[in-house]
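Peer 1: Quick one, what's the 3D model for this:
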Amino acid sequence: MATGYGRETIPFADANLSEISCHAKGAHHLVPSIRTVIDVGGQDCKAIRVGEDGGVEDFVMNDKCAAGTGRSLELNSEALGVAVSELGPLSLQAAEAIVITSQCSIFTELEIMHLLMEGRSTADIAAGINQAMARRVKMLVGRVGVKKEVGITGGVSKNVGVVKCLEEMLQTDFAPFPEDPQIMGALGAALFAAEKAPR
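Peer 2: Numbering: from 1, shown residues only. Prediction:
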């Protein structure tokens, strides 16, 4: 079972499914009470409403530009001069988050460089970057509504700064997954494959 952007190009796959279905399936398997999955990956961001059976009830996604995706965090961290893995921990050291006003990833990079030239704290800028990301994700999630329990998957789930901001903005604690949330789509695909496999 193949999933993800390249799912239709994998020659040895017997079938393929969207990552939306697979993230819902994987998250529900690990946390059966999950009802909202926020998947923030490198290329897009999705908010998924999950039914009691683990199926997709509704979803919205943003894949029109890099803003609100893991790629935008990579670009922003490069502009800040830190590894993307350091962006979350660094933001927790901030005295006060700087408000990032740009909506576009490219303009955000320029804004970050300008802030650095002004001598602003890298921790404060990092906090602003994570807050801006969380605001974009919150707007997307608002279109399907937040139904508890809520879980976050994808690579951005490993950014403690974004996760903390999102929990505060959505006024909820995310359900902890007992497995790596970045592999949720792969887990869901494996579960679908197991269901289809000959007994």
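Peer 1: going forward, measure contacts and count neighbours with C-alpha atoms only.
Peer 2: OK.
Peer 1: Show me the residue at the heart of the protein, geometrically.
Peer 2: residue 40 (1.7 Å; C-alpha atoms, centre = their mean).
Peer 1: can you count the residues close to the residue nearest to it when sequence neighbours are not counted?
Peer 2: Of all residues not flanking residue 40 in the chain, residue 154 sits nearest, at 5.1 Å (C-alpha to C-alpha, 6 or more residues apart in numbering). By other C-alpha atoms under 10 Å, the residues close to residue 154 number 23.
Peer 1: measure residue 154 to residue 11 for me?
Peer 2: From residue 154 over to residue 11 the distance is 25 Å, taken as C-alpha to C-alpha, to the nearest Å.
Peer 1: which residue ranges form the strands in the protein?
Peer 2: 36-40, 45-50, 56-62, 150-153 (DSSP state E).
Peer 1: Mind putting those strands into a markdown table with mean pLDDT?
Peer 2: Shown next, in a markdown table, are the strands of the chain (pLDDT from 0 to 100):
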| stretch | mean pLDDT |
| --- | --- |
| strand 36-40 | 96 |
| strand 45-50 | 95 |
| strand 56-62 | 94 |
| strand 150-153 | 97 |
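Peer 1: Any stretches of this structure with poor pLDDT?
Peer 2: 63-67 (pLDDT under 70).
Peer 1: quick revisit: surely the residue nearest to the centre of the chain touches residue 158?
Peer 2: No - shown here, residue 40 and residue 158 do not form a contact pair, counting by C-alpha atoms under 8 Å, at 10.2 Å.
Peer 1: ok, now which ones touch residue 12?
Peer 2: Going by C-alpha atoms under 8 Å, 6 or more residues apart in numbering, residue 12 touches no other residue.
Peer 1: the helices in this structure, which residues?
Peer 2: With DSSP state H as the definition, the chain shows helices at residue ranges 19-30, 70-80, 87-91, 105-117, 122-142, 160-170, 184-196.
Peer 1: what's the neighbour count on residue 194?
Peer 2: Using other C-alpha under 10 Å, residue 194 has 12 other residues around it.
Peer 1: Same question for residue 119.
Peer 2: Look at residue 119: counted by other C-alpha under 10 Å, it has 9 neighbours.
Peer 1: Run through the residues that contact it.
Peer 2: Going by C-alpha under 8 Å, 6+ apart, residue 119 touches no other residue.
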